[in-house]
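Participant: Got a sequence here, can you build the structure:
(chains A and B)
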Amino acid sequence: MNGTRAAERAAAKSTAGSAAPSGTGGPAGPAVPARPSFWTTRRRDFLTGYLFILPQLVGVLVFVVLPVGMAVWYSLNDWNVLSGKQTFVGGDNYAALADDPQLPRVLLATVLFSGGVVVVNIALGLLIAILLNRKFRGATLFRTLFFSPVVVSVVAWTLVWGFLLQDNGGINGMLATVGIDGPNWLQEGDTAMVSVVISQVVRSVGVNMVLFLAALQGVPRELYEAARMDGANSRTVFTRITLPMISPTVLLTVIVTVVGALQSFAQIAVLTGGGPGLSTTVLVYYVFQQAFEFNNIGYGSTLALMLLSFVMLLTMLQWQLRRKWVFYED
Amino acid sequence: MRTDRVRPVLLVIALSVMAIPFVVPTVWMVAASVKPLAEIFEAPPSLWTDSPTLAAYREAFTFQPFARQYFNSVYIAVLVTLITLLVSSLAGYAFARIRFPGANALFLVVLTGMLVPSEVTIVPLFQLFKSVGLINTHWPLILVTALAGPCVLATFIMRQFFIALPVELEEAGRLDGLGRPAIWWRICLPLARPALSAVAILTFLASWNLYLEPTVYLTSPELFTLPQALTRFADSYGGPMWNTQLAAATMTVLPMLTVFVLAQRHFIEGLSHSGLK
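Facilitator: Numbering: from 1, shown residues only, chains lettered A, B, ... in the order given. Coordinates of the predicted model:
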């Protein structure tokens, strides 16, 4: 490919201003006959490249970059949509973060929720993938079963869990048959958090399971055979071969899962509405409340930018960490 | 090993127990949707009823414009998926295969779209769409989903796929006198079916699950999408109408299921080609 390009470039140079492009110039286009074409393959490629990325680029600029800039501006203003008054207040909204008595609770809930989701999700996804990564009858069926909640929309899935988790719902009904008096799951702080974490993990772990399965199948068999010949036990094989070999996938899923958990809105809104108290009010939900329920656009935007900085920090941190513990074949 | 014969049985038992929270809610949803309301809270709970009824399904359509809301969700998801397939395969191809000045910097700009949570941009986007009179229309749901967030992930997946595609195929096309657009359309896209399937599923899923956006942008019930509509089945006291809600929720599974059945053959293959492996 490079060779062709170089040839074209040379051809373009030598013919510049004189003759028609030579045969090596590729498709010159029938519309441009004898005159030397301005449209060398290289230039044509530049133009095609820009045209091809244009819709995506415009989309990101208009719907991501511009709004982030606007959010920064909003965060410097005091702006209540209802009163319609917008006044520049500089860093006041940022100072308000320190004075917000609710914020520590919100951040705690955010850490508990995201941390819980990531730990349970990765551990469970990996466990299921390892169990399914053997040949036995029914492996495909189980894979489908574990993946099936992904097909149910988030809100439908969350509604069903809300139904099952009620005081007189199905889960307590089942517990009652074995003589356990279940808690009122969604009405007590601790169990409400456990409930949203579990329902979220069960719904989404199928995706990570599929990615882990694909990664496990990519581990060369020879490595396992060599380890077995050396008499390694299954635990050593897992920590020394399997885990390092699939670590890029683990890294990716951890990033995607943390970022996904930080953005879980529907689950919280439908299942607990942030309650009881503030026990499940994660940052995303708090942003929504401030901006659209209390109409505090300025403070809501400040919180939103805090969320953005968390996501970016985590992503960068994991990107740095990858050098330490991610194994790449090359 | 001596335990070899016992193991598969233990494995299946362990997996069956683990599968309970994955399967029971869905089965429960379907079962409860055909139960008479009084039976839903029966203890001990059962997955069966002696007098199945479709009353809740009828109720779902009469309580609010559910057919209309259903159509809204489907057409928006289909439209968003088609636009994303086009936009992301064009951009992904260009970033993978065409060398043009600034490509790397522009790719980084595009990737920021993957990093920014939609909750961060929703307030400014609301103001933007308000200023052009598009609040309480489907445009924000279509444009933002099809061109930003999920589309960026799609572009990334397409780029990873095209990078791995042998260059020789394109060179053969060029010798036959094909230009870039023709190479993209006639050679690369047909080969990219696995990646396109993965993108189609992920995008459809993303659009289908949108909840914050419709909640923010839409106020008229006939414009609602399904996730939003599902939470509105409440009686005059604000209590949830459980069996109606569950019947409606059951019905919302069908389109996703259809998409998965159509595309799943390529789905895992597509993901593993995309560098996610």
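Participant: buried ones in the strand or helix carrying residue B:18?
Facilitator: With elements taken from DSSP states H and E, the one containing residue B:18 is helix B:7-33. Within helix B:7-33, the residues that count as buried by 16 or more other Cβ atoms under 10 Å in any protein chain shown are B:11-12, B:15, B:18-19, B:21-26, B:28-29, B:31-33. (C-beta placed from N, C-alpha, C; glycine too.)
Participant: Of the residues you listed, just say which sits nearest to residue A:46.
Facilitator: Using Cβ to Cβ, residue B:22 is the member of the buried residues of helix B:7-33 that sits closest to residue A:46, with 50.4 Å.
Participant: who's in contact with the closest one?
Facilitator: Residue B:22 sits next to A:145-146, A:148-149, A:202, A:206 when contact means Cβ atoms under 8 Å, 6 or more residues apart in numbering or on different chains.
Participant: Ok, residue A:284 next?
Facilitator: By Cβ under 8 Å, 6+ apart, the residues touching residue A:284 are A:262-265, A:268, A:307, B:117, B:119.
Participant: Going C-terminal from the helix holding residue B:18, what's the next secondary structure element?
Facilitator: Heading C-terminal from helix B:7-33, the first helix or strand you meet, by DSSP H and E, is helix B:55-63.
Participant: Name the next helix or strand downstream of that next one, please.
Facilitator: Sequence order places helix B:66-97 as the next helix or strand after helix B:55-63, per DSSP H and E.
Participant: and the angle from that following helix to helix B:55-63?
Facilitator: Our comparison of helix B:66-97 with helix B:55-63, counting by axes from the mean of the first three to the mean of the last three Cα atoms, to 10 degrees, yields an angle of 90 degrees.
Participant: need the contact list for whichever residue of the stretch 51-200 of chain B sits closest to chain A.
Facilitator: Closest to chain A within the stretch 51-200 of chain B is residue B:147: 2.7 Å, counting by Cβ to the nearest Cβ. Listed by Cβ under 8 Å, 6+ apart, the contact partners of residue B:147 are A:55-56, A:58-60, A:62-63, B:83, B:87.
Participant: Same question for residue B:44.
Facilitator: Taking Cβ under 8 Å, 6+ apart as the contact definition, residue B:44 lies against A:173-174, A:176-177.
Participant: per-residue pLDDT, residue B:193?
Facilitator: Residue B:193 carries a pLDDT score of 87 in this model.
Participant: what do you get for residue A:31?
Facilitator: pLDDT, read off for residue A:31, is 55.
Participant: For the residue nearest the centre of chain A, what is the enclosing helix or strand?
Facilitator: Nearest to the mean C-alpha position of chain A, by Cα atoms, centre = their mean, lies residue A:256 at 3.4 Å. Mapping residue A:256 onto the secondary structure by DSSP H and E places it in helix A:243-262.
Participant: I'd assumed residue B:91 was in contact with residue B:184.
Facilitator: No. Proximity of residue B:184 to residue B:91 does not meet the contact threshold set by Cβ atoms under 8 Å, at 11.0 Å.
Participant: Between those two, point out the one with more neighbours.
Facilitator: Residue environment comparison for residue B:184 versus residue B:91 gives the larger neighbour count to residue B:91, 29 against 24, counting by other Cβ atoms under 10 Å in any protein chain shown.
Participant: roughly how far apart are that one and residue B:159?
Facilitator: 8 Å (Cβ to Cβ, to the nearest Å).
Participant: likewise residue A:253?
Facilitator: Distance from residue A:253 to residue B:159, counting by Cβ to Cβ: 20 Å.
Participant: contacting residues for the residue nearest to residue B:226 when sequence neighbours are not counted?
Facilitator: Once its chain neighbours are removed from consideration, residue B:226 has its nearest residue in residue B:73; the separation is 4.3 Å (Cβ to Cβ, 6 or more residues apart in numbering or on different chains). By Cβ under 8 Å, 6+ apart, residue B:73 lies in contact with B:208, B:225-227, B:252, B:255.
Participant: Highest neighbour count among the residues you listed?
Facilitator: Counting by other Cβ under 10 Å, residue B:225 has the largest number of neighbours within these, with 31 neighbours.
Participant: Tally up the residues packed near residue B:210, please.
Facilitator: When neighbours are defined as other Cβ under 10 Å, residue B:210 has 28 of them.
Participant: these two touch, right, it and residue B:227?
Facilitator: Yes. Contact between residue B:210 and residue B:227 holds when scored by Cβ under 8 Å: they sit 6.7 Å apart.
Participant: which among the contacts of residue A:284 gets closest to residue A:183?
Facilitator: Within the set of the contacts of residue A:284, residue A:268 lies nearest residue A:183; the separation is 19.1 Å, counting by Cβ to Cβ.
Participant: how close does residue A:267 sit to residue A:159?
Facilitator: Computed as Cβ to Cβ, the residue A:267 to residue A:159 distance reads 11 Å.
Participant: How about the residue of the stretch 1-150 of chain A found nearest chain B, nearest residue that isn't a chain neighbour?
Facilitator: Evaluated by Cβ to the nearest Cβ, the stretch 1-150 of chain A has residue A:59 as its residue closest to chain B, separated by 2.7 Å. Counting by Cβ to Cβ, 6+ apart, residue A:59 lies nearest to residue B:147, which is 2.7 Å off, once chain neighbours are set aside.
Participant: Next, count neighbours for residue A:225.
Facilitator: Neighbour number of residue A:225 under other Cβ under 10 Å is 10.
Participant: Quick check: the gap between it and residue A:241.
Facilitator: Applying Cβ to Cβ, the value for residue A:225 to residue A:241 is 11 Å.
Participant: Give the residue spans of chain A that score low on pLDDT.
Facilitator: Low-confidence segments of chain A (pLDDT under 70): A:1-36, A:322-330.
Participant: domain assignment for it?
Facilitator: Under the assignment the TED database, the domains of chain A span A:41-88, A:101-325.
Participant: is it possible to export these to JSON lines including distance to residue B:169?
Facilitator: Output for the domains of chain A, formatted as JSON lines (distance: least, Cβ to Cβ, whole Å):
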{"stretch": "domain A:41-88", "distance to residue B:169": "17"}
{"stretch": "domain A:101-325", "distance to residue B:169": "24"}
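Participant: Give me the neighbour count for residue 153.
Facilitator: Just so you know, I chose chain A. By other Cβ under 10 Å, the residues close to residue A:153 number 26.
Participant: wrong one, chain B
Facilitator: If you count neighbours by other Cβ under 10 Å, residue B:153 ends up with 21.
Participant: so it sits right up against residue B:201, yeah?
Facilitator: No. Using Cβ under 8 Å, residue B:153 is not in contact with residue B:201; the gap is 11.7 Å.
Participant: List just the nearest of the contacts of residue B:73 to residue B:132.
Facilitator: When the contacts of residue B:73 are compared for distance to residue B:132 (Cβ to Cβ), residue B:225 wins out at 20.8 Å.
Participant: other SSEs contacting the lowest-mean-pLDDT helix or strand in chain B?
Facilitator: Ranked by mean pLDDT, DSSP states H and E, the helix or strand of chain B with the weakest confidence is helix B:242-273, at a mean of 80. Applying 3 or more Cβ pairs under 8 Å, 6 or more residues apart in numbering or on different chains; DSSP states H and E, one finds that helix B:242-273 contacts helix A:154-165, helix A:189-217, helix B:7-33, helix B:55-63, helix B:66-97, helix B:149-163, helix B:193-209, helix B:226-230.
Participant: The second one packs against which elements?
Facilitator: Packed against helix A:189-217, as judged by 3+ Cβ pairs under 8 Å, 6+ apart, are the following elements: helix A:103-132, helix A:139-147, helix A:154-165, helix A:243-262, helix A:266-271, helix B:7-33, helix B:242-273.
Participant: Single out the most deeply packed of those helices.
Facilitator: Here the criterion is mean neighbour count by mean count of other Cβ atoms under 10 Å in any protein chain shown, and of the helices and strands packed on helix A:189-217 the winner is helix A:154-165, at a mean of 26.
Participant: got CSV for the helices and strands packed on helix B:242-273, with distance to residue A:181 too?
Facilitator: Formatted as CSV, the helices and strands packed on helix B:242-273 follow (distance: least, Cβ to Cβ, whole Å):
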stretch, distance to residue A:181
helix A:154-165, 15
helix A:189-217, 13
helix B:7-33, 20
helix B:55-63, 30
helix B:66-97, 38
helix B:149-163, 44
helix B:193-209, 35
helix B:226-230, 31
